[in-house]
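Q: Build the 3D model from these lines:
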Amino acid sequence: MLKEFRDFIVRGNVLDLAVAVIIGAAFATITTSLTEDIIMPVVGAIFGSVDFSGLFCTLDNVKCIVGTSKELADLKAEGVPVLAWGQFVTVVINFLILALIIFLLVRWANRLTRRGHDAPAGPSEAELLTEIRDELRKR
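A: Next up is the predicted model:
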């Protein structure tokens, strides 16, 4: 069983997946920082609020509040039903940025692999065998 487990772990696909998960987690941290530290302050300045995560509506007396993340957390801790739509907007923008970056990376990788296939590969195996046969017949 140990040998079988070792063979499973060292199989190429498992290692590739492990590397992809680690790089994906690091990449998600970068895009989160890009969203929260660069893009959202600009969007917030345009729409008049610097921190979207502080935009929420309480559902018990239906009033919308421009507060802070701490106020939102305090209300949730008290059990007040809250519609935290500002945090949702932040997460959606983060997702869209991440999806765009992944799309661009996949598009770039596809172009690289297509270029490799478009390059002249030389004669096929059948053509080489035909040439060898013809040379042998001449002798």
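
Q: Low-confidence regions, the chain specifically.
A: Along the chain, the model assigns pLDDT under 70 to residues 12, 49-51, 116-121.

Q: Name the single longest helix found in it.
A: helix 85-118 (DSSP state H).

Q: and the helix or strand just after that helix, how far from the chain's centre?
A: Scanning forward in sequence from helix 85-118 by DSSP states H and E, the next helix or strand is helix 125-138. With CA atoms, centre = their mean, to the nearest Å as the basis, helix 125-138 stands 50 Å off its chain's centre.

Q: who touches helix 125-138?
A: For helix 125-138, contacts defined as CB atoms under 8 Å, 6 or more residues apart in numbering pick out residue 123. From N, CA and C alone the C-beta is placed, and that goes for glycine too.

Q: thought residue 31 was touching residue 91?
A: No. Residue 31 is not in contact with residue 91 according to CB atoms under 8 Å; the separation is 11.4 Å.

Q: Thanks again, I'm all set now.
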